[in-house]
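> Fold the following for me, if possible:
(one chain, ligands or ions: 1)
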Amino acid sequence: MASLRTWLCDFLNLISPRLCPVCNKHMDSNEEKVCEHCLNQLPYTYITDFQDNPVFRLFERKFRLGRTHSYIRYQHDLNSHLLVTQLKYGHRPDLARFMGSRVAREILPYGFFTDIDGIVAVPLHWIRQWQRGYNQSAQIALGISDVTGIPVIKDAVKRTRNNESQTHKTSVKRAKNVENLFQSVSGIPCRHILLVDDVLTTGATLTSCAQAIAQRNPRITISILTLAKA
Ligand SMILES: [Zn+2]
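All right, here's what the predicted structure looks like:
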């Protein structure tokens with residue numbers, strides 16, 4: 001049965017080759033969503049101390065912070081930029097979920113998920129989500145859940161404005177832009193959640209989201225995971 005499956009995959013690959021979203025080259029049938037070469041070349045942060053790293057220092061003392069991790073460095077001239085662009089704008093929710101599973105498998109042995117009993121994705125505004133068809137951060141969260149078995153908590157927090165991209169704003173404008181950007185719409189029945197986003201820049205958006213959650217759930221501990229860090 002396995003050999004039939006392999007044969008079918010090889011055949012399908014021959015008539016409709018699957019391309020790596022990063023280098024655009026044909027992938028082998030044993031390669032899943034990104035070719036092995038590109039996966040090996042990604043600029044990983046190798047963060048394994050989850051309470052002493054640059055991400056942790058961004059959020060320290062802003063809410064009850066658990067652990068933090070960013071998987072890869074995000075730079076415009078690197079493959080990580082191509083990867084994030086594809087999973088965000090390329091109609092590739094499967095790629096986001098795949099990367100979520102990868103990061104989870106990587107940090108699970110280091111105890112990152114200990115005590116975490118729920119996963120929350122930073123929401124898009126409903127108009128943005130409707131346009132894109134999916135929320136890439138929610139897909140990353142599902143990938144993490146696939147590996148850890150920790151449930152994804154949906155609809156606990158919503159984005160109140162369809163704010164423009166943060167990328168080209170000064171830090172003062174960014175802070176202003178995210179004021180009351182999120183609203184916690186229901187209590188979260190967890191003690192320690194993991195808040196997931198795709199790309200971390202200044203941390204203003206994630207802080208705003210975490211504080212909205214913390215306001216409604218004052219005893220909750222919040223850990224932060226992003227796929228990439230600028
Ligand atoms: Zn590739």
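
> what does the chain have sitting close to the ion?
Counting by Cβ under 5 Å from the ion, the positions of the chain adjacent to the ion are Cys20, Val22, Cys23, Cys35, Cys38. Glycine gets a C-beta too; all of them are placed from N, C-alpha and C.

> For PyMOL, what selects the buried ones among those residues?
In PyMOL syntax, the buried subset of those is picked out as below (16 or more other Cβ atoms under 10 Å):
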select buried, resi 20+22+35+38
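
> export the residues of the chain next to the ion to CSV and tack on secondary structure and pLDDT?
Below are these laid out as CSV (DSSP: H, G, I helix; E, B strand; the rest coil; pLDDT from 0 to 100):
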residue, secondary structure, pLDDT
Cys20, coil, 95
Val22, coil, 93
Cys23, coil, 94
Cys35, coil, 96
Cys38, helix, 95
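
> Scan the helices and strands of the protein for the one with the lowest mean pLDDT.
helix 171-177 (a mean of 70; mean pLDDT, DSSP states H and E).

> which ones are touching the nearest residue to Leu19 once chain neighbours are set aside?
Once flanking residues are discounted, Leu19 sits nearest to His26: 6.4 Å by Cβ to Cβ, 6 or more residues apart in numbering. With contact taken as Cβ atoms under 8 Å, 6 or more residues apart in numbering, His26 is in contact with Asn13, Pro17, Arg18, Leu19, Cys20.

> okay, the second one: pLDDT?
According to the prediction, Pro17 has pLDDT 78.

> Then it would be within a strand, right?
No. Counting by DSSP: H, G, I helix; E, B strand; the rest coil, Pro17 is not found in a strand; it is coil.

> Could you check how many residues crowd around it?
Using other Cβ atoms under 10 Å, Pro17 has 10 neighbouring residues.

> same question, the third one
Taking other Cβ under 10 Å as the neighbour definition, Arg18 ends up with a count of 16.

> any idea how far it lies from Asn24?
Taking Cβ to Cβ, to the nearest Å as the measure, Arg18 falls 11 Å from Asn24.

> what does the second one give?
Distance from Pro17 to Asn24, counting by Cβ to Cβ: 11 Å.

> now the strands for this structure?
65-73, 118-121, 157-159, 182-184, 192-200, 221-229 (DSSP state E).

> Output the ones you listed in CSV; the columns should cover mean pLDDT, distance to Gly100 and mean neighbour count.
Compiled in CSV, the strands of the chain are given as follows (pLDDT from 0 to 100; distance: least, Cβ to Cβ, whole Å; neighbours: other Cβ atoms under 10 Å):
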stretch, mean pLDDT, distance to Gly100, mean neighbour count
strand 65-73, 97, 9, 23
strand 118-121, 98, 9, 24
strand 157-159, 96, 19, 20
strand 182-184, 95, 21, 18
strand 192-200, 97, 8, 24
strand 221-229, 97, 7, 25
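
> would you list the ones you listed in JSON lines and tack on distance to Thr45?
Output for these, formatted as JSON lines (distance: least, Cβ to Cβ, whole Å):
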{"stretch": "strand 65-73", "distance to Thr45": "5"}
{"stretch": "strand 118-121", "distance to Thr45": "20"}
{"stretch": "strand 157-159", "distance to Thr45": "26"}
{"stretch": "strand 182-184", "distance to Thr45": "26"}
{"stretch": "strand 192-200", "distance to Thr45": "11"}
{"stretch": "strand 221-229", "distance to Thr45": "7"}
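
> among those strands, which is nearest Ser145?
Nearest to Ser145, of all the strands of the chain, is strand 118-121, at 5.8 Å by Cβ to Cβ.

> helices or strands up against that closest one?
Using 3 or more Cβ pairs under 8 Å, 6 or more residues apart in numbering; DSSP states H and E, the elements in contact with strand 118-121 are helix 136-148, strand 192-200.

> No further queries at this time; thank you.
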